[in-house]
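K.L.:
how would this look folded up:
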Amino acid sequence: MTARAPGVPPAPEAPPSDARTGAGVRALLARLNTPAVRTRIGTLAGAVILAVLLWRLGTGALVDGLRRIDGPSLLVALGIGLVTTVFSAWRWALVARGLRIRLPLAPAVADYYRALFLNAALPGGVLGDVHRAVRHGQSTGDLGRGVRSVVLERTAGQLALFAAGAVMLLTLPSPVRDDLRQTAPLAGLAVLGACAVVLALRMNRPGPSRRGRALRSALAEAREGLLSRRNGPGVLVSSAVVLAGYLAMFVLAARVAGVGAAVTELLPLAVLALLAMSLPLNVGGWGPREGVAAWAFGAAGLGAGRGLTVAVVYGVLSLVASLPGVVVLVARWYAGLRAGRRTAAVTATTPPASAPAPVPVSRVRDASGRAPLAPDYASPPPEVSIEKYAPKESTRLARSSLPFSAEPSEGRPMTPESV
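P.N.:
Numbering: from 1, shown residues only. As a prediction, the model looks like this:
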């Protein structure tokens, strides 16, 4: 054993191997639990699902679905998309009003169309909603409330889908009706038990914690935005109309694909496909929807290939219904470009501020009324120290260049990846 010199502190002991392994695992999980990594994993999962479907069922169902789409079906899809988008934007405006932020209906419709197109064109299926939330928060000067209004609006749509879907799957003939009827009582008891446990823990807690206060604040905003007397009826009606539009689009896709089943038989299959679309494992909405539709149609005796064809037609019709978002994107880009050119032109034509003319000393008198002996012009004022103000100016410029500053800037480009 080596003797340690006096006055020298002991060397720190190395952490055990288990602690190092645990720290490495936590660091890896932290790196994986980021929005960019989750988006890439979801995109990869959606691509794998599509590849497996095409491998098992072939490309005939895909080609057949694309071949059956015609002009009248595209026009009907555009009409259904217009109705669902307007009512979705109205729901968003109601929720925003409940959170005490202003959102007129016309800009809400335009922003919603843009978000729908970005959801369909970009991986992940939610980047358009992220873009919509951030831009609305920036334009109102409150990024937090802008994001929460979009989250609550999307939550209202999902709750309507879950409630109506549960009723349809339990009452109408579907491949999962018998299983749901057996598991529904157990699921209800499990939910009641979980609520009782949470209530007991909250009652036994000594004092309100920070997390508890945040939860109560979120619940209060949800209640004011979705369940208040002023917003509740409108949110309910708009959610019902939007869900009816999605189901009508699926029935239209089934008819275009040549499926002659009754509407009551198609509605549960449409609910299953819509529930699969809410999973974040897709490529612009493609992936789980096609897989679940192929399985559900096969279990219902309609053919897995026919289910894949219906899902493909539905995806194409939904993409066509979101194409007005391209017009909104181009119009906003052109407006920002014109605003930038106008600002540059005004800056170029504005003459620089001229320095004040020096005052002749002959016009400057002292207290006795006599002009002092001095050169023809007064000496210039002392120079201002640059070092004194340079840090403040650089700090101001750095703050004004932040991507999420409170000042709205319609001309500044922003992509959903910067969220």
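K.L.:
which residues of the stretch 251-400 of the chain fall in helices?
P.N.:
Counting by DSSP state H, counting those that start in this stretch, the stretch 251-400 of the chain forms helices over residues 263-277, 288-299, 304-321, 324-349, 386-400, given from the N-terminal end onward.
K.L.:
Let me know which of these is the nearest to Phe87.
P.N.:
Taking CB to CB as the criterion, Phe87 comes closest to helix 304-321 out of the helices of the stretch 251-400 of the chain, the separation being 13.4 Å. Yep, even glycine has a C-beta here, placed from its N, CA and C like the rest.
K.L.:
For stretch 217-237, C-alpha coordinates in CSV please.
P.N.:
This file holds the C-alpha atoms of stretch 217-237, laid out as CSV (Å, rounded to 0.1, in the frame of the first residue of the first chain):
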residue,chain,number,x,y,z
SER,A,217,-54.0,25.0,-13.2
ALA,A,218,-54.1,22.7,-16.3
LEU,A,219,-57.5,21.3,-15.2
ALA,A,220,-58.9,24.7,-14.7
GLU,A,221,-57.8,25.8,-18.2
ALA,A,222,-59.3,22.6,-19.7
ARG,A,223,-62.5,23.2,-17.9
GLU,A,224,-62.7,26.8,-19.0
GLY,A,225,-61.7,26.0,-22.6
LEU,A,226,-63.8,22.9,-23.2
LEU,A,227,-66.5,22.5,-20.6
SER,A,228,-67.7,26.0,-19.7
ARG,A,229,-71.2,27.2,-20.5
ARG,A,230,-70.0,29.6,-23.1
ASN,A,231,-67.7,27.1,-24.9
GLY,A,232,-69.0,23.6,-24.1
PRO,A,233,-71.9,23.5,-26.6
GLY,A,234,-69.8,24.8,-29.4
VAL,A,235,-67.0,22.4,-28.7
LEU,A,236,-69.4,19.5,-28.6
VAL,A,237,-71.2,20.4,-31.9
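K.L.:
thinking again about what came up before, so can I have TSV of the helices of the stretch 251-400 of the chain showing mean pLDDT and distance to Ala196?
P.N.:
Written out in TSV, the entries for the helices of the stretch 251-400 of the chain read as follows (pLDDT from 0 to 100; distance: least, CB to CB, whole Å):
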stretch	mean pLDDT	distance to Ala196
helix 263-277	91	27
helix 288-299	89	33
helix 304-321	91	40
helix 324-349	86	45
helix 386-400	40	49
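K.L.:
As a markdown table, the ones you listed with distance to Leu152 and mean neighbour count would be great.
P.N.:
Rendered in a markdown table, the data for the helices of the stretch 251-400 of the chain read as follows (distance: least, CB to CB, whole Å; neighbours: other CB atoms under 10 Å):
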| stretch | distance to Leu152 | mean neighbour count |
| --- | --- | --- |
| helix 263-277 | 20 | 21 |
| helix 288-299 | 24 | 23 |
| helix 304-321 | 23 | 25 |
| helix 324-349 | 22 | 12 |
| helix 386-400 | 30 | 9 |
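K.L.:
Quick one: closest of those to Gly137.
P.N.:
Comparing those by their distance to Gly137 (CB to CB), the top pick is helix 324-349, with 16.7 Å.
K.L.:
So which elements touch the closest one?
P.N.:
For helix 324-349, the elements it packs on are helix 71-98, helix 105-121, judged by 3 or more CB pairs under 8 Å, 6 or more residues apart in numbering; DSSP states H and E.
K.L.:
In JSON lines, list those along with distance to Leu279, mean neighbour count and mean pLDDT.
P.N.:
Rendered in JSON lines, the data for the helices and strands packed on helix 324-349 read as follows (distance: least, CB to CB, whole Å; neighbours: other CB atoms under 10 Å; pLDDT from 0 to 100):
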{"stretch": "helix 71-98", "distance to Leu279": "20", "mean neighbour count": "20", "mean pLDDT": "95"}
{"stretch": "helix 105-121", "distance to Leu279": "14", "mean neighbour count": "21", "mean pLDDT": "93"}
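K.L.:
Quick one, which of these gets closest to Gln182.
P.N.:
It is, among these and with distance given as CB to CB, helix 71-98, at 34.0 Å.
K.L.:
re earlier: now tabulate the helices and strands packed on helix 324-349 in a markdown table and tack on distance to Thr309.
P.N.:
Output for these, formatted as a markdown table (distance: least, CB to CB, whole Å):
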| stretch | distance to Thr309 |
| --- | --- |
| helix 71-98 | 13 |
| helix 105-121 | 19 |
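K.L.:
Go through those helices and name the closest to Tyr314.
P.N.:
With CB to CB, the closest approach to Tyr314 among those belongs to helix 71-98: 9.4 Å.
K.L.:
Need the pLDDT of Ala240.
P.N.:
According to the model's per-residue confidence, Ala240 sits at a pLDDT of 95.
K.L.:
ok, and for the strand or helix carrying it, which residues are buried?
P.N.:
Secondary-structure element containing Ala240, defined by DSSP states H and E: helix 232-256. Neighbour-count burial for helix 232-256, with 16 or more other CB atoms under 10 Å as criterion, is recorded at 234-235, 238-239, 241-256.
K.L.:
Return the residues in contact with Pro233.
P.N.:
By CB atoms under 8 Å, 6 or more residues apart in numbering, the contact list for Pro233 is empty.
K.L.:
And it, what's its pLDDT?
P.N.:
The per-residue confidence score, pLDDT, reads 93 for Pro233.
K.L.:
What separation is there between it and Leu103?
P.N.:
Plainly put, Pro233 is 18 Å away from Leu103 if you go by CB to CB, to the nearest Å.
K.L.:
How about Val150?
P.N.:
With the distance defined as CB to CB, Val150 ends up 10 Å from Leu103.
K.L.:
Comparing the two, which shows the higher neighbour count?
P.N.:
Regarding Val150 and Leu103, a neighbour count based on other CB atoms under 10 Å identifies Val150 as having more, with 23 against 20.
K.L.:
pretty sure that one belongs to a strand, no?
P.N.:
No - counting by DSSP: H, G, I helix; E, B strand; the rest coil, Val150 is located in no strand; its state is helix.
K.L.:
Use 59 as the first number for this chain going forward.
P.N.:
Fine by me, first position is 59 from now on; the one you just mentioned is Val208.
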